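Asks: Sequence plus the predicted model coming up.
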Amino acid sequence: MRDLIIIGSGPAGLTAAITAAEHGLDILVIDEYLKPGGRLLGQLYEEPGGNWWNGIEESRKLSERAGALGLDIRLGVSVHNIEQENGSWLVYTDRETFEAKSLLLATGAAEAPVAIPGWTLPGVMSVGAAQVMTNVHRVKPGQKGVIIGVNVLSSAIAMELHIAGIEVAAIALPKNNRVNGSAAIPTEVMNALLHVSHMAPSAFVKMGSKLMKNEFMKKMGITLYPKNGVRMWDIPVMLRKAVIRIEGTDQVEGVTLATVTADGKVISGTEEVIGCDFVCIAGGLYPLAELAALTGCPFYHIDELGGSVPLHSEDMRTPLDGLYVAGNITGIEGAKVAMSQGKTAALSIAKDLGKDIAEASLSEAIRQISSTRSDAHIQFHQDVEVGRRKLQEYWEQHAAGKRNILV
């Protein structure tokens, strides 16, 4: 029996594995992908000061550290069930069943779709798929594309496609319907993007965002927003146009755009078709927590964290003995936060398994998560701190209820 099984070899999982191994734990890491690194593998962006965050390079560094420690990492292995039995965790995979005293879920995030007529055509893909094809496999998803969905993720990946020499004809909103919700409403999208306006290479966007101090100015801003968009990396970002249909017979041939009102309603007669050979759908990310649901761990839906997340404490413990979480399964944030969470989770696990972990070391690791979050260049949700406070309140309520039962 192992001391610890980690499911997920992304930034959280690998960092946790390295930290746990350094404290003498016997570890197995499982991942269904063919390479370790998770979403790190596709990341490439410029940080303040001119340095570039290269996810492939960061993943390589983590993999080399793991290799030097002799970690057992099984790739291409899919988990289909988890059970707790007699105080240990059983992990059922398509290869064999593994057993450990402790289990860390670092399964990351998945992409949410947006519903657009024509989205089943060949050549339509998630924006993350285009990122992996371009940055990991060095394969162009096409020659000219359109991205549907204006958010932090789509903007970052559009820049990466541009660097790779791929033409992005437009980043536009999805059609307004009951599925797409606020992602199709210009005022809501603009408000969500204000907290990351510092990342924009456009002086117009940076200057304009500083004026959006109240609701009146925000309404003025979206009303005056250019119909043909504002160019960033020479890509028109359109907050007043939506893709109402993806065109094509046997594959993507183009999209139909229409001008929309500030509340997302299509203005009749404004439809136009632009040609392209691929379309990326960018509906944002949500915590990939299905395996946590198998364990019976309590969940809470917190919009500020991207969806439903398993209940956990600041030190990454869940209410179930021997079960821990780290990374985007706990809420959508960047790789650096995930790595800090992975380290914290490993220290908690080592401490619970009887290793000599100073309380000060664990407290410092928890503090490091918070400071890393505060310093993050990219925040996927503007109110992530609010979400974290909500989760902590839920944890405290759960702990208080448990104490009452014991009394």
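Replies: Here it is on my side, so go on.

Asks: mind checking how far the helix or strand that contains residue 237 is from the chain centre?
Replies: For residue 237, the element it lies in under DSSP states H and E is strand 235-247. Its chain's C-alpha centre and that of strand 235-247 lie 23 Å apart, by CA atoms, centre = their mean, to the nearest Å.

Asks: Kindly report the same for stretch 97-116.
Replies: Relative to its chain's centre, stretch 97-116 lies at 12 Å (CA atoms, centre = their mean).

Asks: Enumerate every residue touching residue 319.
Replies: Applying CB atoms under 8 Å, 6 or more residues apart in numbering, we find residue 319 in contact with 297, 298, 311, 398, 402. C-beta here means a position set from N, CA and C on the backbone, and glycine is covered the same way.

Asks: Quick check: bridge partners of the residue lying closest to the first one once chain neighbours are set aside?
Replies: Closest residue to residue 297 in three dimensions, ignoring its sequence neighbours and counting by CB to CB, 6 or more residues apart in numbering: residue 310, at 4.5 Å. According to DSSP bridges, residue 299 are recorded as the beta-bridge partners of residue 310.

Asks: Compute the number of surrounding residues for residue 310.
Replies: Counted with other CB atoms under 10 Å, residues neighbouring residue 310 total 24.

Asks: these two touch, right, it and residue 329?
Replies: Yes: assessed by CB atoms under 8 Å, residue 310 is found in contact with residue 329 at 6.8 Å.

Asks: Quickly list what's touching both of the two.
Replies: With CB under 8 Å, 6+ apart as the test, residue 310 and residue 329 both reach 105, 289, 292.

Asks: and the chain, what are its domains?
Replies: In terms of domains, the chain is parsed into 2-110+286-406, 113-283 (source: automatic domain parsing).

Asks: Tabulate those domains (a markdown table), appending mean pLDDT.
Replies: Converted to a markdown table, those look like this (pLDDT from 0 to 100):
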| stretch | mean pLDDT |
| --- | --- |
| domain 2-110+286-406 | 92 |
| domain 113-283 | 85 |
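
Asks: on that earlier part again, could you list which of the shared contacts of residue 310 and residue 329 belong to strands?
Replies: Residues of these located in strands (DSSP state E): residue 105.

Asks: Quick check: closest non-adjacent residue to residue 44.
Replies: residue 160 (5.3 Å).

Asks: so which helix or strand takes in the one you found?
Replies: Counting by DSSP H and E, residue 160 is part of helix 152-163.

Asks: how many neighbours does residue 26 have?
Replies: A total of 13 residues lie near residue 26 under the criterion other CB under 10 Å.

Asks: Let me see the contact set for the residue lying closest to it once chain neighbours are set aside.
Replies: Residue nearest to residue 26 in three dimensions, not counting chain neighbours: residue 3, with 4.5 Å by CB to CB, 6+ apart. Listed by CB under 8 Å, 6+ apart, the contact set of residue 3 reads 20, 25, 26, 27, 100, 101, 102, 349, 353.

Asks: Shouldn't residue 395 be within a helix?
Replies: Yes: remark: residue 395 belongs to a helix, assigned using DSSP: H, G, I helix; E, B strand; the rest coil.

Asks: Just the element for residue 3, please.
Replies: strand 2-7.

Asks: Name the strands paired with that strand and say parallel or antiparallel.
Replies: Sheet pairing for strand 2-7, using DSSP bridges, gives strand 27-31 (parallel), strand 97-105 (parallel).

Asks: Adding distance to residue 41 and mean neighbour count, write the ones you listed out as CSV.
Replies: As requested, the strands paired with strand 2-7 are exported to CSV (distance: least, CB to CB, whole Å; neighbours: other CB atoms under 10 Å):
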stretch, distance to residue 41, mean neighbour count
strand 27-31, 11, 24
strand 97-105, 20, 22
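
Asks: so can I have TSV of those showing distance to residue 191?
Replies: Shown next, in TSV, are the strands paired with strand 2-7 (distance: least, CB to CB, whole Å):
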stretch	distance to residue 191
strand 27-31	37
strand 97-105	33
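
Asks: And the ones you listed: which comes nearest residue 265?
Replies: With CB to CB as the criterion, residue 265 lies closest to strand 97-105 of those, at 41.8 Å.
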